[in-house]
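Chemist: model this:
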Amino acid sequence: MFLIIVIALSQGYPRLVFATEETAARAAIKEWRILWSESGGIPESVPAHREDWTETSAGASEPSKPHAKTSAWIHMKIPEITAASPGILIEKLHGQQVAVYADHVKVYESTRAYNYELNHILLPLDKELLGKDLHIWLETARDHVTIEGKILVGEYHDLLNQFVKSNLVDIILGSAFVFIAFVMLICAIFLNRKYLIAVLSLSFIVLSVGILVFTYSPFLYTIFDEYGHIYTHLYDISLFILLPSFSLFFEKIFGLGWKNMLHKLRKFQVVYSLFCGLFLVVNQLASNQWFDLYYFFSVQVMGFVMIIQFILLIGSSMFYALRGNRDAVIFNAGFAVFAVIGLGELLQFFMTRGSYNLFLWKWGIVSFIIALIVILGRHFAKNHEQILQYSKELEMFNNELQRSEKMEIISELAASVAHEVRNPLQVTRGFLQLLTGKAEAAEREYLDLALVELDRASGIITDFLTFAKPEFGKDTLLQISEEFKHIEGILAPLAHLQGGRITVDIPEDITIRGNSSKFKQAFINIIKNSIEALGEEGVVHIRCYRQQNQVFIHVVDNGEGMGADVIARLGEPYFSNKTKGTGLGLMVTFRIIEAMDGDIFFTSRKGVGTDAIITLPAACE
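Modeler: Just a heads-up that it's a prediction; the model follows:
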């Protein structure tokens, strides 16, 4: 923005003064006369006084152009004002060729060999010209002589400031979009191929929109008129890139559309944009001989293609939004503003046969671009969350696989070795009992110790056999409250020895199917561990409830608790917090609960306690 102003200063424009003091007097010209004439190049002099001038004014409908007339004269009076350096600002005057005459002397002329008729004319005036005649000659292909803006006479510096301020929005918006697009293109180099196409398509959308806004502004054509053909070519090329990029972005975010309609539209747009781009090159090489045909394809046909695209994308985004797609809701919010404004302006453009000047679309495009960036950001965030979720699931599956492999190895080992080991142990125990009866008192102490250790080894072998093949026998209907009455009777004395107690809160009507002895074995192991973790005045609270087809049993204690690293290893063979523990008790418990189609998991905090949660399928009623 500042670079353009500096260049403008170097081109001979007076200093821009954004003053805060009271502005000089100014006046607006609201009435003028129009005279149609034949085109023969820019006239050297104004026409003589005639009676066939048509009176008109600002806001009134402009008189239609007669057949075969391509140029017109506009006559008005320059108002007399008090100004040190007077000037005149003519806003939005349409004409391919324009000349301005003050007091019958030509003071400005512009001849454009490119398709851009919008003129903003800012001229300094001598004080002697105030109150004199002002004639404007223009050549236009439009059906009306159109002056859409104001004609102001006032202090030249104030008018220049007003002109610059009124066009700064276009320059700032266009520059910002181009900058954002280049940043996105640089970032796209480092992206994964999964996101590359979406980011590149959005980058081209933002870049194209930035160039469209920038090159559509009258600021460039007013200050740097000699480069106008470059601006118009950039405008057309940006439009050719925008439409297929837009469809590609929508396709990558939401899919191919109903019966691949959006995918087919995008392919057609790519081919048609390439055709228009090639036609642009051919027309320039032919010195603009094919301009009328090029205008038909690149403006009129392209306009209808844009309307079809808007309708399809609005319909598709509404369909996805109704199906609960939040990205589609955001897309609709931004796109609705842009599409309604763009569609309305396109219809107005065609209804007025090209006499309407598109200017509102750039405001709708801002909200739409923001919506697209938000959607792409949500897409990145969603994919990042999915990657994290996949990583967690992969870690969980890996741990479960390792555990399953360990359990399988132990199961095979237990099944093949346990029986062979138990037989010699039983024989050895029998002979030791015989020796105990005949041994001396001193020797009997050692023999008793050997028997205790043999019984301990036999218990471990029994656990191995239970783990390897938990034989349940015949399943029966188990009433949870009755089962825990027996379990409480067995373990209550142990809890009292630890200085704690057991409380049970189980409804009478909750039942499951299973083997009573195995059920008791599993919960005795769990509750026994809770009792051993208690301190003084500790409590083991057992509660049970049913939710739908699942029975939940909680064994909660206020003991010493465990850390997360310990909880993660519960159920592993030979892992135990107890000095003489083997870890086989919980391993067997896990296997029994698993065989009953249940699950078990623990929550615990150091110094607070542990909650063992067991879920089992409820008995069918």
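Chemist: who touches stretch 489-501?
Modeler: 502, 524, 527-528, 531-532, 534-540 (CB atoms under 8 Å, 6 or more residues apart in numbering). For the C-beta atoms, the positions are set from N, CA and C on the backbone; glycine is no exception.
Chemist: let's see that with 10 Å instead.
Modeler: By CB atoms under 10 Å, 6 or more residues apart in numbering, the surrounding residues in contact with stretch 489-501 are 488, 502, 520, 523-524, 527-528, 530-541, 557-559.
Chemist: how about stretch 308-317: buried residues?
Modeler: For stretch 308-317, a neighbour-count test (16 or more other CB atoms under 10 Å) marks 309-310, 312-314, 316-317 as buried.
Chemist: what ranges do the helices span in the stretch 1-150 of the chain?
Modeler: 2-10 (DSSP state H, counting those that start in this stretch).
Chemist: where does the prediction get shaky in the stretch 1-150 of the chain?
Modeler: 1-24, 61-63, 143-146 (pLDDT under 70).
Chemist: again, only this time at 90
Modeler: Counting by pLDDT under 90, the stretch 1-150 of the chain contains low-confidence residues at 1-73, 80-85, 90-98, 103-104, 108-122, 126-131, 138-150.
Chemist: can you give me the strands in it?
Modeler: 27-28, 31-37, 54-57, 71-77, 86-94, 97-102, 105-111, 118-124, 133-139 (DSSP state E, counting those that start in this stretch).
Chemist: sheet partners, orientation included, of the second one?
Modeler: Applying DSSP bridges, strand 31-37 is found paired with strand 54-57 (antiparallel), strand 71-77 (antiparallel).
Chemist: okay, those strands, which one's buried deepest?
Modeler: Among the strands paired with strand 31-37, strand 71-77 has the highest mean neighbour count (mean count of other CB atoms under 10 Å), at a mean of 20.
Chemist: in which helix or strand does V153 reside?
Modeler: Per DSSP states H and E: V153 is located in strand 151-155.
Chemist: list the buried residues in the next helix or strand after that strand.
Modeler: Downstream of strand 151-155, the next assigned helix or strand under DSSP H and E is helix 156-188. Within helix 156-188, the residues that count as buried by 16+ other CB under 10 Å are 156-164, 166-167, 170-171, 173-178, 180-181, 184, 188.
Chemist: burial measure for H541, as a count.
Modeler: 17 (other CB atoms under 10 Å).
Chemist: and the pLDDT for it?
Modeler: pLDDT for H541: 92.
Chemist: will you turn the strands of the stretch 1-150 of the chain into a markdown table that also has distance to V421?
Modeler: Converted to a markdown table, the strands of the stretch 1-150 of the chain look like this (distance: least, CB to CB, whole Å):
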| stretch | distance to V421 |
| --- | --- |
| strand 27-28 | 111 |
| strand 31-37 | 116 |
| strand 54-57 | 114 |
| strand 71-77 | 114 |
| strand 86-94 | 102 |
| strand 97-102 | 109 |
| strand 105-111 | 107 |
| strand 118-124 | 99 |
| strand 133-139 | 110 |
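Chemist: who wins for proximity to V566 among these?
Modeler: strand 118-124 (77.0 Å; CB to CB).
Chemist: okay, now the sheet partners of the closest one, with direction.
Modeler: Counting by DSSP bridges, strand 118-124 is paired with strand 86-94 (antiparallel).
Chemist: just the angle between the partner strand and strand 151-155, please?
Modeler: 160 degrees (axes from the mean of the first three to the mean of the last three CA atoms, to 10 degrees).
Chemist: which helix of this protein spans the most residues?
Modeler: helix 361-438 (DSSP state H).
Chemist: so L248 makes contact with L196?
Modeler: No: at 11.9 Å, L248 does not count as touching L196 under the criterion of CB atoms under 10 Å.
Chemist: who has more neighbours out of those two?
Modeler: Between L248 and L196, counting by other CB under 10 Å, L248 is the more crowded of the two (22 against 14).
Chemist: what's around the closest residue to that one other than its chain neighbours, how many residues?
Modeler: Nearest residue to L248, sequence neighbours excluded (CB to CB, 6 or more residues apart in numbering): S201, at 4.3 Å. Burial measure for S201: 23 neighbouring residues, criterion other CB under 10 Å.
Chemist: part of a strand, is S201?
Modeler: No: S201: not assigned to a strand; according to DSSP: H, G, I helix; E, B strand; the rest coil it is helix.
Chemist: re earlier: between the buried residues of stretch 308-317, which sits nearest G95?
Modeler: Of these, the one sitting nearest to G95 (CB to CB) turns out to be F310, at 30.8 Å.
Chemist: so the closest one touches F335, yeah?
Modeler: Yes: if you go by CB under 10 Å, F310 and F335 touch, sitting 8.5 Å apart.
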